[in-house]
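Q: structure for the following, please:
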Amino acid sequence: MNQEYVANNMHPFFATITRKYTGPVFDAHTHLGSVEDVKTMVEYSDKFNVKKIYGIVRDYESKVKLEKAFPDLFVYSIFLSIQDAIKGDIDVSLNLLDKAYEQGFSLGKLWFSPRWVRYFEGDLKNRFRTKDVHLNDPNLEPIFARLEDLRFTLLLHVSDPDLLYEQNYQPVSKYGIKSDHLEALKNILERYPKLKIVGAHMAGQPEDLQQLDTWLDKYPNLYVDTGSAKWMVREFAYKKEEVIKFFTKHSNRILFGTDFVAGRKDREPIPGYYINRFLSFQALLETNAKEIPFPIPDPENDNKTVINGLDLPINILKKIYWENSSKLFG
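A: Numbers count the residues shown, from 1 in each chain. Prediction:
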């Protein structure tokens, strides 16, 4: 890591932090962009010993360019657009999915965060009421069925932390309520049992590990990732015993993922965007840190977020950082 940056911009704890796990890392959740932006992300990822990356692209042409620039580094996932299906143009969406499969994609990303409804402020505004569009919309059923038939593994972002619902997703009449969104995800898991689903951001429920524990017991097709650092650090700070118990029980179903967006310019400038998050994950997962100030702005929590480390054992770290993603994504 950039020691000068750490010394000048972070709490002294981070200048002394050392790796507990020294093996290879598989980052199971990133968004790719231009070759130049991805090159920067890769430079910082390599310093954290990331040897394999799940990268989401918008089209096949992007995949080709990146494969040439970074051979054997990425497993590629195609971003799935569902606007055509929502509008009733199901054939358009299915044809795009079939084409992606023919181009070699077997991984897909579907983004259905509550912020999705903001699309209705654009070209969908006069066609639907936001409350009429949801993950279990009948128009989307053929998409999920085809994904299952093609044996895709789907990274699915459905819900967000409670604080975002309380502060940002208002009014409820526009954004909906979290319990409904999670129920929709549960319905997908039940209806398509052969479709492997990675629930992004601990399936949107890091606050409720008891419910997530029940889901993982009930749905063998469900996996979860750790993105993002802010959400995980915030929610795990004061329930160490519960979190360790959860990670131990489900150590084969949890994937390390950063949710980096290559080229993102609306957050801390580089190198902070990468270094702050990598070291925060390291402090959370690998150390016994206590009440260390979180180096990333967290206005939803009045910037009071602190890191309390889980100090997970090596065998669990190895699974989360490398083995689980290698097995799932190949």
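
Q: got the CA coordinates for the host helix or strand of I244 in PDB?
A: Taking DSSP states H and E as the definition, I244 sits inside helix 240-249. Extracted in PDB, the C-alpha atoms of helix 240-249 (Å, rounded to 0.1, in the frame of the first residue of the first chain):
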ATOM      1  CA  LYS A 240     -18.800  -9.300  17.200                       C
ATOM      2  CA  GLU A 241     -19.800 -12.600  18.800                       C
ATOM      3  CA  GLU A 242     -22.900 -12.800  16.600                       C
ATOM      4  CA  VAL A 243     -21.000 -12.000  13.400                       C
ATOM      5  CA  ILE A 244     -18.200 -14.500  14.100                       C
ATOM      6  CA  LYS A 245     -20.800 -17.200  14.800                       C
ATOM      7  CA  PHE A 246     -22.500 -16.400  11.500                       C
ATOM      8  CA  PHE A 247     -19.200 -16.300   9.500                       C
ATOM      9  CA  THR A 248     -18.200 -19.600  11.100                       C
ATOM     10  CA  LYS A 249     -21.400 -21.400  10.300                       C
END
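
Q: what packs against that helix?
A: If contacts are counted by 3 or more C-beta pairs under 8 Å, 6 or more residues apart in numbering; DSSP states H and E, helix 240-249 sits against helix 209-218. All C-beta atoms are positioned from the backbone trio N, CA, C, and that covers glycine.

Q: who touches the helix it packs on?
A: Under the criterion C-beta atoms under 8 Å, 6 or more residues apart in numbering, residues 182, 186, 189, 202-203, 205-206, 222, 224, 239, 242-243, 246, 249-250, 253 lie in contact with helix 209-218.

Q: how much space separates N308 from P193?
A: Per C-beta to C-beta, to the nearest Å, N308 is found 37 Å from P193.

Q: sorry, back to before: pull out the buried positions in the helix holding I244.
A: Of the residues in helix 240-249, V243, I244, F246, F247 count as buried by neighbour count, 16 or more other C-beta atoms under 10 Å.

Q: export those residues to TSV and tack on distance to T258 and pLDDT?
A: Shown next, in TSV, are the buried residues of helix 240-249 (distance: C-beta to C-beta, whole Å; pLDDT from 0 to 100):
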residue	distance to T258	pLDDT
V243	18	98
I244	21	98
F246	20	98
F247	17	98
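
Q: farthest pair in those?
A: Using C-beta to C-beta, the two most remote members of those are I244 and F246, lying 7.3 Å apart.

Q: state the number of residues packed around G23.
A: Neighbour count of G23, defined by other C-beta atoms under 10 Å: 13.

Q: V158 contacts Q205, doesn't it?
A: No: counting by C-beta atoms under 8 Å, V158 sits too far from Q205 to count as a contact (9.6 Å).

Q: common neighbours of these two, please.
A: With C-beta under 8 Å, 6+ apart as the test, V158 and Q205 both reach L182.

Q: and N308 and P193? which has more neighbours close in?
A: Neighbour tally, N308 and P193, criterion other C-beta under 10 Å: the higher count belongs to N308, 20 against 11.

Q: excluding residues flanking it in the chain, which one is nearest the more buried one?
A: Spatial nearest neighbour of N308, chain neighbours left out: A237 (4.8 Å); criterion: C-beta to C-beta, 6 or more residues apart in numbering.
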